[in-house]
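>>> sequence and predicted structure, then a few things I'm wondering about:
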Amino acid sequence: MQLVQLADRIGATLAGGDGSVVITGCAPIDDARPDQLTFLANTKYARFLPTTQAAAVIMAPDTPCPPKVIHVIADDPYFAFRNAMVALHGSRRHPQPVGEAVNGVSNLASVHPQAIIGRGSIIHPHAVVETGASIGRDCVLYPGAYVGANGRLGDECILYPNVVVYDGCVLGNRVILHANTVIGNDGFGYATHDGAHHKIPQTGIVVVEDDVELGSGCVVERAAMGETRIGTGTKFADLISIGHGTHIGPHCLIVSLVGVAGSVKVGNQVVLGGQVGVTGHLKIGDGVQVAARAGVVQDVPSGRKVGGAPAVDLDLAKRNLLVGMDLYGLAQRVKQLQRELGRLKQDEPPVVQFPAKTRS
């Protein structure tokens, strides 16, 4: 696609240069070829501008740029770059089943006669769809995917290999579940009596709303009663565990190795950094950002940025971290000060005690 055409496609403005140059793909700013487009959204990469070989760079208005670099102006360079990736590379194409298939359903898949399969859906060998389950239109179930009894998938859902959707759980439209993710396994619920842990039946379900994408190896537990819910547009990285009865709000970002205990209420557009742990029965407000490896043990009001374990205001957490980077050195300095204080006390002249005056 010509650069001028691509700029128009992504809603950007070409700032000079040869708009007829043909763009064949996208690449990082320090590795792009003369037929590729790149972007600058993080100022720490500005050092590559003088040496980049890219045909053009997407950047924000008023960003300093060397005269020789052709640039494309966009208010949100990262989003514009995303749109360029879609325009040039397209989305993933899903293969048809290997071997014999009828209407996209492999003869080696196990689909119960009472299951409903929507038009245009593809079901690969060794996928299983149980009784009463409903698969929407244009879905893809890769080998080993499992949808339990009365499970329900909306339209255009993708279940990669070995994804499991337990019985009764509900997925909205355009939900993507990457390999080995599990939706609706039993929550971690036990009543301890006389030293033994007795299982509490987990009678609820999981509801995953529209446009959610969960990475590989994620687990969302079904509720003991009611539902566990993942809000519209929320995205998970890999290896994340969500406890039973927890509600994650819309458009949240949850990074790898996060664990959220049960009955937590997470607001809208919350960001949980890698390895964050959240204890149960808490409320995290809208727009909260939690730094990596934090331990959240109390409610967090909307708009706060927190870090540390236990989590505190992020600025305080950073100061605590800086102090803690050399605890051994700090301990040695305290010991040295204690020794010096001891010597000073030994060198002090004796205090003369005068007898108290008595009244006649």
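Arrived safely, thanks for sending. Since this is a predicted model, take the numbers as computed values, not measurements. Residues are numbered from 1 along each chain as shown.

>>> residue 140: neighbour count?
23 (other CB atoms under 10 Å). Placement of C-beta: from N, CA and C, glycine included.

>>> likewise residue 290?
27.

>>> can you check residue 326 too?
Once other CB under 10 Å is used to define contacts, residue 326 is seen to have 11 neighbours.

>>> in contact with it, which residues?
Contact analysis of residue 326 by CB atoms under 8 Å, 6 or more residues apart in numbering lists nothing.

>>> what does the pLDDT read for it?
We note a pLDDT of 92 for residue 326 in this prediction.

>>> how about residue 187?
In this model, residue 187 is scored at 96, pLDDT.

>>> flag the shaky bits of the stretch 201-350 of the chain, pLDDT-wise.
For the stretch 201-350 of the chain, applying pLDDT under 70 flags the ranges 350.

>>> end-to-end on stretch 134-147?
9 Å (CA to CA, to the nearest Å).

>>> any idea how far residue 66 is from the spatially most central residue of the chain?
Against the mean C-alpha coordinate of the chain, by CA atoms, centre = their mean, the closest residue is residue 254 at 2.8 Å. In this view, residue 254 and residue 66 are 39 Å apart by CB to CB, to the nearest Å.

>>> now swap in residue 349 and tell me
Counting by CB to CB, the gap from residue 349 to residue 66 is 73 Å.

>>> out of the two, which sits in the more crowded spot?
A direct count of neighbours by other CB under 10 Å for residue 349 and residue 66 places residue 66 higher, at 11 against 5.

>>> could you look up the SS state of the closest residue to the more buried one other than its chain neighbours?
Spatial nearest neighbour of residue 66, excluding adjacent residues (CB to CB, 6 or more residues apart in numbering): residue 50 at 5.2 Å. Look at residue 50: counting by DSSP: H, G, I helix; E, B strand; the rest coil, its state is coil.

>>> pLDDT value on residue 50, please?
pLDDT recorded at residue 50 is 93.

>>> that one: neighbouring residues, count only.
Residue 50 has 10 neighbours, counted by other CB under 10 Å.

>>> now the one 3 residues further on
For residue 53, the number of neighbouring residues by other CB under 10 Å comes to 15.

>>> can you pull the contacts of it?
Contact analysis of residue 53 by CB under 8 Å, 6+ apart lists 32-34.

>>> quick one: it is in a strand?
No - looking at residue 53 with three-state DSSP, it is coil, so not inside a strand.
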